[in-house]
Every structure is written in structure tokens, then in C-alpha cells.
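*Asks:* Below are the sequence and a predicted model; questions follow.
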Amino acid sequence: MSDNNNTYNKNEEDQGGGSPAWMTTFGDMMTLLLVFFVLLYSFSVMDLDKFQGFISALQNQLGVLDGGRTVTDHPNIDAGTIDDNFARPLENITEIMQEMESYIEQNNLEGMVDIEVKRKGLVISFRGEILYEIAKADLRPEGREVLTRISANLLEIPNDIMVEGHTDNLPINTDEFPSNWELSTARAVNVAKYLIEEKGFDPNRLSAAGYSEYRPISDNDTAEGRAENRRVEIVVLNSSYLAQSGEARDS
């Protein structure tokens, strides 16, 4: 009987001398909560240098312009399409655009030469009559002068360039040009050859294509609309467009 009492008392002492089992779990939970709130606090404390670095990276990604201007300050830039896929910083691209637009304004070429940024890249569009006679593909002297001034800026951009020829929907049927396909292609090729042979462009950078009447930008039912559709476009292609369209050449 005495042994039984001693055993009972010993067990009582063992149980009463320790912490309840739930305290271990509670302590672990409190430790985790402490770590969690320390992390939250660390996230809320802004490192100014890191913040500035983040802002700079974001500006480069979106293409912030010089002088504190934003992409929305430029009328021909679509802020939703600009990225860092040009081989030069976009502020330099913008400077080049401004130089070309200044030349266009000084020479009263508004409406004849347009410059804008699209999804595929920087697009310089020439109304057909400034470069060619009607139904012809030989460059006019005036057109050569305009190409010389505009293309001088493009030499500084190492991106690939596509020259695109477009016509209106009026049919053509001559010995030289049986259809608008031949006319649009010949016009694009002649611009590309001029840039290579006369202006020193790397032929590996250039390609040419004719789209006939099938990529209009205006209504072919009016004379003004047809005039807008007769055009040659020089497109400075951005890298993401090349990758998405599968046109990028193997390096």
C-alpha cells in the first residue's frame, strides 16, 4: 500500500512540474507570427536607392523621354506599344523622331511624310506621290532628297528595317507592272536599293515587301483615301515583333 501511494505521489509531481502540452504549439505559433510581422515591417521600410533603381528600370522599360517628358507627351507615340526592343535607348529614338519631324515641318511635308510608333516598330510613311510618278516605280529627284534627309537618322539605329510598298485598289495592267503586286513590290525594292547603294545601309539589315492594295489605311472609295493608301513605309522593326512573327534571323 505504501509503494502504491509513493508511485501515485511521484506521478502527481511529474505532471505538476511541467508546462501544459498546448503551450509548445502556442509558443511555436507566436514565434511564427513574430517572424511574419518582422517581415511585413521590413517590406514597409523603403530603401530609397532600391526604389530609385526600380523607377529607373521601369522608365527604361516604358520608354521615358528626355527632359522629364513621358510617352504621352508625344502625339505619335502609343504608350501601350512602346517597350525596350529598340537597340538604342528610346529617348534617343524619340530624339531622332523629333529631328525628322522638324525636317518635315520646315519643308512643309506634313501629310506627305508621317512618323509614328506602332506595335511592330518605328514607322515612317511616305505618300506615294512624293517618291514616285503615278504608276511608276523610279524614285523622283525630290523623293531621293527626302529619303536622304530622313534616312540619315536611321543609320544610327542598328535594328532591322523593312521597306513596305502599298497601293490603292485601282487596277494597273502594263508591260512593266501587270498588277498592283508588281508595282508595290518594285517601289519597296527601289527604296531599299537606294538606302543600300546610295546611303550606305547594311544590306543584311534591310528587306522589302509589296502588299498591293490589301493593307489600306483609308477608304479606297474617295480620291483622298486612295492617295493615303498609295504609300511606302520604312519600318524600324523592334525585336519582340520579330520574335513573335517568326521573322528574326538566326544569329
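*Replies:* That came through, no problem.

*Asks:* Show me how the protein divides into domains.
*Replies:* Structural domains assigned to the chain are 2-44, 86-245, following automatic domain parsing.

*Asks:* Reformat the ones you listed as JSON lines; add mean pLDDT and mean neighbour count.
*Replies:* Where you see a C-beta, it was placed from the backbone N, CA and C, and this is true even at glycine. Formatted as JSON lines, the domains of the chain follow (pLDDT from 0 to 100; neighbours: other Cβ atoms under 10 Å):
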{"stretch": "domain 2-44", "mean pLDDT": "63", "mean neighbour count": "9"}
{"stretch": "domain 86-245", "mean pLDDT": "90", "mean neighbour count": "17"}
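
*Asks:* For the chain, just list every one of the helices.
*Replies:* Secondary structure of the chain (DSSP state H): helices at 2-17, 22-44, 48-62, 90-106, 128-131, 141-154, 180-197, 223-229, 239-245.

*Asks:* dump the residue contacts of residue 199.
*Replies:* For residue 199, the contacting residues are 147, 148, 151, 152, 155, by Cβ atoms under 8 Å, 6 or more residues apart in numbering.

*Asks:* quick one: the residue nearest to residue 234 when sequence neighbours are not counted from residue 26, how far?
*Replies:* Excluding its sequence neighbours, the residue lying closest to residue 234 (Cβ to Cβ, 6 or more residues apart in numbering) is residue 124, at 4.5 Å. The spacing between residue 124 and residue 26, counted by Cβ to Cβ, to the nearest Å, is 71 Å.

*Asks:* same thing with residue 175?
*Replies:* Distance, residue 175 to residue 26, using Cβ to Cβ: 95 Å.

*Asks:* who touches residue 201 in this structure?
*Replies:* Contacts of residue 201 by Cβ under 8 Å, 6+ apart are 151, 154, 155, 161, 195.

*Asks:* give me that answer again for 7 Å
*Replies:* 155, 195 (Cβ atoms under 7 Å, 6 or more residues apart in numbering).

*Asks:* ok, now the one 3 residues further on?
*Replies:* With contacts taken as Cβ under 7 Å, 6+ apart, residue 204 has no neighbouring residues.

*Asks:* The one 3 residues further on now?
*Replies:* If you count contacts by Cβ under 7 Å, 6+ apart, residue 207 has them with residue 162.

*Asks:* re the thing from before, just give me the closest of the contacts of residue 199 to residue 227.
*Replies:* Lowest distance from residue 227 to these (Cβ to Cβ) belongs to residue 147, with 19.2 Å.

*Asks:* just checking, the closest one touches residue 194?
*Replies:* Yes - counting by Cβ atoms under 7 Å, residue 147 does reach residue 194; the two are 6.2 Å apart.

*Asks:* quick one on the thing from earlier: just curious, which of the contacts of residue 199 is nearest to residue 31?
*Replies:* Among those, and counting by Cβ to Cβ, the member closest to residue 31 is residue 155, at 64.4 Å.

*Asks:* Could you measure from that closest one over to residue 148?
*Replies:* From residue 155 to residue 148 the distance is 11 Å (Cβ to Cβ).

*Asks:* for residue 21, same thing?
*Replies:* For residue 21, the distance to residue 148 - Cβ to Cβ - is 88 Å.
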